[in-house]
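Peer 1: Give me a 3D structure for the following:
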Amino acid sequence: MGTTQLKMLKLFMILTLVEICTAENDITLSVFTVTSKSMTVQWTGHTGARSYKITATPKNSPEGSVFAHFSGNSVMGSVSSLSPNTVYTMQLEAMDGDLNVLNSAETEETTAPEVPVIDEAYSKNSDSITVEFTEVSGATSYILRAESQTGNLFSETLVSSSPGTIVQLQPYTDYKLSVMSVNSGGQSQPSYPLEARTVVMAPKLNTTSPNNDTILVTWPPVENAVLYTLCIIQEGSSSRLKLNTTDISMTFYNLEAGTTYCIKGTAWDSEGRTGDDLTVCQITRPLSPDVTHVQVTQGRSLGIAVYWMPVQGAESYIAWTTNNQNCTTTGNNYCYINPVECGQRNSVSVTAFNSAGPSDPSQPADYITYPCPPENIWVEEPEPGNCSVVWDEVPLVEYYMTFIKRDDGTEKLCNTTGTTCQFSCMCGYTYLTTVFPYNLAGSSPSAHVRNYTTIPCCPEGVTIKLVSTETLEIIWSPVKGAELYETTAVQTDDIIHCNDTAPACALSDLKCNMAYSVVVTPCSELRGCNQTCAPHTHETAPCTPEILNMTQSNNSTYRVLFTTPNTPNTNYTITAMGRSHDDTHTCQSSSSWCELTQLPCGSVYEVTAVATTAVGQSLPGYSKLLETGPCCPMFVNVTQVTQAMTNVTWSAGGGARSYITSLTSTRGNAKCHTLDTHCLLGCITCGTNYSVHLEAISSTGHKSECKYHGFSSSACCPTNVKLYRRANNSLRVYWRSLGPQIQNHTVELFGTGANYTCIAAADSKYCDIEEVMCGDVYTVVAAPVGQDGIKVSFCQLRTYSVPCPGSNAGMLISRGRRSVN
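Peer 2: Modelled structure (predicted):
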């Protein structure tokens with residue numbers, strides 16, 4: 001299938017699709033394109049249309065209508081033979097096979113203006129051609145078209161009127177030129193073409209100024225150029241110089257220094273046409289500036305200020321020294337070189353700069369800088385108080401100024417041409433020494449400061465105080481120049497006990513009862529320590545005595561033995577402290593013993609020993625407990641309970657926990673050990689004298705022997721008591737005595753009807769009782785009577801029946817038990 005057939009098939013398919021899609025819609029009409037004498041429209045097809053008719057009717061012209069017919073498959077058509085720049089009403093009618101109008105549509109559009117005619121075309125620049133043409137009625141703008149002869153360039157430019165210029169063309173190139181007029185409807189056909197050629201390019205000028213009165217111009221060759229024209233004019237002047245050349249360089253001489261010149265270059269082609277012109281401006285180099293003054297400046301660093309006369313056309317300046325230091329500036333006639341070295345003799349030159357380059361350097365100007373400060377400064381002190389500042393010699397110096405300042409503000413000034421300055425120096429001060437050398441430029445702006453510190457002074461007002469038994473507190477007034485103090489004692493092999501900045505020290509862990517020579521040595525980091533300070537002596541507290549033994553001398557006196565570790569003139573105090581604060585006993589001695597007196601019984605004391613000298617007291621020694629013997633009871637009562645048993649009671653003894661009570665006689669002893677204050681003793685012999693002893697015992701085993709008045713046991717109760725009836729209703733009571741008959745006896749009868757009593761003499765063994773009623777039972781007790789008239793109350797009771805006459809003796813009915821009461 002050929003290309004034309006394929007295109008027709010595609011068009012047929014599009015028309016069919018459009019017809020299907022728009023079958024139910026109204027027909028639409030629009031202008032596709034216009035020219036000066038034709039107009040092309042497009043529309044949507046109408047269902048059932050067999051043909052279409054397009055009628056173009058001028059709207060404001062008497063001219064007649066123009067129409068054209070198209071088949072029913074068409075959707076685009078053109079109407080020709082129209083008038084330029086005319087508004088037409090375009091009507092489309094869709095007709096059936098009988099030419100009946102099925103539907104219609106209208107639109108309006110203007111035809112393009114007439115085709116313009118080119119009058120002239122010429123080139124003034126290598127990249128453009130100017131076209132002059134006749135303007136046509138109704139055109140609102142024009143399109144200039146340029147096409148190179150080789151066909152490799154096609155360019156269109158829109159202009160509003162004649163003449164118009166086509167740009168962005170190639171230099172020295174032939175072009176076909178045409179013009180199209182444009183209005184709201186569209187554009188006309190191109191005009192008849194006209195050929196024209198662009199001119200050659202301008203030379204690309206390169207300019208330099210080799211010196212301050214010359215400009216050199218060079219350029220690369222311009223293609224198709226046969227001649228070059230250069231025109232030079234001084235800025236601000238109307239005079240100019242024009243030169244022609246076939247070379248590609250040219251030099252202009254005898255120009256003014258630091259002045260701007262503008263140079264215009266033009267190339268000519270073989271046809272005698274001038275091409276583009278290019279103007280460049282070049283300034284000549286400036287003249288050499290003259291240095292007027294060089295000044296040494298002071299500041300944070302040493303420098304010089306260079307001054308010169310400004311020159312025309314200079315944009316900047318640079319000053320160079322002979323030791324390759326420099327400074328630059330723009331807009332000023334001076335600059336600073338910072339820093340410069342001290343003690344130098346150099347020269348400086350100034351060069352002016354602009355865009356053309358540097359000027360020749362100026363004549364050098366000599367200068368001298370401040371002298372350098374001495375590198376080495378030191379202070380010598382051959383003897384205390386006589387010092388000298390010494391320094392190294394410095395070149396380029398006329399004299400030296402030495403400043404000596406003490407740290408309290410005192411100053412001294414020394415002016416000399418030598419390298420030594422003497423001054424008086426005191427201990428404990430720091431001296432700041434500075435040496436300033438001077439020359440014609442002035443003094444050195446800076447100088448090294450050397451510190452010299454004299455040896456610190458020995459402290460004054462040293463006081464030593466005993467703050468504890470083995471510690472000495474040393475206090476002194478701070479001294480000048482001392483940064484720290486070393487405190488030593490000769491007796492401790494000069495060991496440094498304190499190394500501190502504070503004016504105080506405590507020497508601790510010393511030996512007791514020893515005199516120490518204390519030396520306070522002031523020190524400084526720079527000068528070390530002053531070893532010439534005198535010692536100060538102080539003694540430590542006495543050593544602590546220790547109690548060796550305590551023995552009791554009598555009931556209230558105790559001897560205390562202790563150690564004597566101190567010098568012979570030491571006094572020792574022994575203190576016994578009881579449980580209460582007021583219960584304190586002391587004794588003093590310079591020997592190894594002393595006695596504590598008037599210590600009460602039954603007490604516990606804490607006994608300590610303290611040594612005392614002129615400097616103070618020692619620490620108390622380890623205490624020992626002293627317990628006095630328990631107190632004896634204030635009284636002891638012995639009460640006989642039975643003939644063979646007594647009850648002993650006593651008052652409580654202070655400090656006693658238990659008691660041992662004993663009754664002693666030649667006929668036997670009785671003893672008891674109890675925690676109570678009473679005791680029941682047996683095995684007592686009646687009618688016997690006893691010694692009463694009591695032993696008070698403390699909880700720790702301390703004993704006190706207590707003796708009291710003797711005790712006599714009661715007389716023995718009679719035995720074998722019998723009752724006999726006698727005449728006259730009397731009774732005789734017989735008994736047998738166990739001991740000697742030294743007490744009276746009493747006999748008591750207790751009956752149901754009457755009671756009877758009789759007393760027998762000491763040597764009697766019976767007693768008669770008169771007029772006793774018979775026929776009764778009597779309780780009979782016979783008991784001795786003591787010297788105090790009190791009878792023994794614990795003798796045995798006996799019961800007898802006394803019958804009436806007819807019986808000689810009474811009849812023993814029963815024996816009563818001894819009463820304990």
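Peer 1: Which strand residues bridge the nearest residue to residue 531 once chain neighbours are set aside?
Peer 2: Excluding the flanking residues, the one nearest residue 531 by Cβ to Cβ, 6 or more residues apart in numbering is residue 521, at 6.5 Å. All C-beta spots, glycine's among them, are computed from the backbone N, C-alpha and C. In this structure, residue 521 bridges to residue 486 when assessed by DSSP bridges.
Peer 1: Equivalent analysis for residue 571, please.
Peer 2: With DSSP bridges as the rule, residue 571 is bridged to residue 612.
Peer 1: For it, grab the count of nearby residues.
Peer 2: The local packing of residue 571 (other Cβ atoms under 10 Å) involves 14 other residues.
Peer 1: per-residue confidence at it?
Peer 2: Per-residue confidence for residue 571 comes out at a pLDDT of 95.
Peer 1: right, and it touches residue 612 too?
Peer 2: Yes - the criterion here is Cβ atoms under 8 Å, and residue 571 meets it with residue 612 at 4.8 Å.
Peer 1: can you give me how far stretch 541-553 is from the chain middle?
Peer 2: Centre-to-centre, stretch 541-553 and its host chain are 59 Å apart (Cα atoms, centre = their mean, to the nearest Å).
Peer 1: what comes up buried for it?
Peer 2: 541-545, 547, 550 (16 or more other Cβ atoms under 10 Å).
Peer 1: Adding pLDDT, secondary structure and distance to residue 36, write those residues out as JSON lines.
Peer 2: Putting the buried residues of stretch 541-553 into JSON lines (pLDDT from 0 to 100; DSSP: H, G, I helix; E, B strand; the rest coil; distance: Cβ to Cβ, whole Å) gives the following:
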{"residue": "541", "pLDDT": "91", "secondary structure": "coil", "distance to residue 36": "141"}
{"residue": "542", "pLDDT": "93", "secondary structure": "coil", "distance to residue 36": "146"}
{"residue": "543", "pLDDT": "93", "secondary structure": "coil", "distance to residue 36": "145"}
{"residue": "544", "pLDDT": "93", "secondary structure": "coil", "distance to residue 36": "144"}
{"residue": "545", "pLDDT": "94", "secondary structure": "coil", "distance to residue 36": "150"}
{"residue": "547", "pLDDT": "93", "secondary structure": "strand", "distance to residue 36": "152"}
{"residue": "550", "pLDDT": "91", "secondary structure": "strand", "distance to residue 36": "157"}
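Peer 1: Strands along the stretch 351-500 of the chain, start to end?
Peer 2: 357-358, 365-368, 377-383, 386-391, 399-406, 411-416, 420-424, 430-439, 442-443, 449-453, 463-468, 471-475, 484-489, 496-500 (DSSP state E, counting those that start in this stretch).
Peer 1: how about those strands in JSON lines, adding mean neighbour count and mean pLDDT?
Peer 2: What follows is those, written out as JSON lines (neighbours: other Cβ atoms under 10 Å; pLDDT from 0 to 100):
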{"stretch": "strand 357-358", "mean neighbour count": "16", "mean pLDDT": "94"}
{"stretch": "strand 365-368", "mean neighbour count": "16", "mean pLDDT": "90"}
{"stretch": "strand 377-383", "mean neighbour count": "13", "mean pLDDT": "90"}
{"stretch": "strand 386-391", "mean neighbour count": "20", "mean pLDDT": "93"}
{"stretch": "strand 399-406", "mean neighbour count": "19", "mean pLDDT": "93"}
{"stretch": "strand 411-416", "mean neighbour count": "13", "mean pLDDT": "92"}
{"stretch": "strand 420-424", "mean neighbour count": "15", "mean pLDDT": "93"}
{"stretch": "strand 430-439", "mean neighbour count": "20", "mean pLDDT": "92"}
{"stretch": "strand 442-443", "mean neighbour count": "16", "mean pLDDT": "86"}
{"stretch": "strand 449-453", "mean neighbour count": "16", "mean pLDDT": "88"}
{"stretch": "strand 463-468", "mean neighbour count": "14", "mean pLDDT": "90"}
{"stretch": "strand 471-475", "mean neighbour count": "19", "mean pLDDT": "91"}
{"stretch": "strand 484-489", "mean neighbour count": "21", "mean pLDDT": "89"}
{"stretch": "strand 496-500", "mean neighbour count": "15", "mean pLDDT": "82"}
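Peer 1: export these to CSV and tack on distance to residue 619?
Peer 2: Below are those laid out as CSV (distance: least, Cβ to Cβ, whole Å):
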stretch, distance to residue 619
strand 357-358, 97
strand 365-368, 81
strand 377-383, 50
strand 386-391, 53
strand 399-406, 50
strand 411-416, 57
strand 420-424, 53
strand 430-439, 46
strand 442-443, 71
strand 449-453, 45
strand 463-468, 8
strand 471-475, 12
strand 484-489, 20
strand 496-500, 21
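Peer 1: which one of those lies closest to residue 798?
Peer 2: Residue 798 lies closest to strand 463-468 among these, at 87.8 Å (Cβ to Cβ).
Peer 1: Could you list the paired strands of that closest one along with their orientation?
Peer 2: According to DSSP bridges, strand 463-468 forms sheet pairs with strand 471-475 (antiparallel).
Peer 1: got the angle for the strand it pairs with vs strand 484-489?
Peer 2: Between the axes of strand 471-475 and strand 484-489, defined by axes from the mean of the first three to the mean of the last three Cα atoms, to 10 degrees, the angle is 140 degrees.
Peer 1: Good, we can wrap up now.
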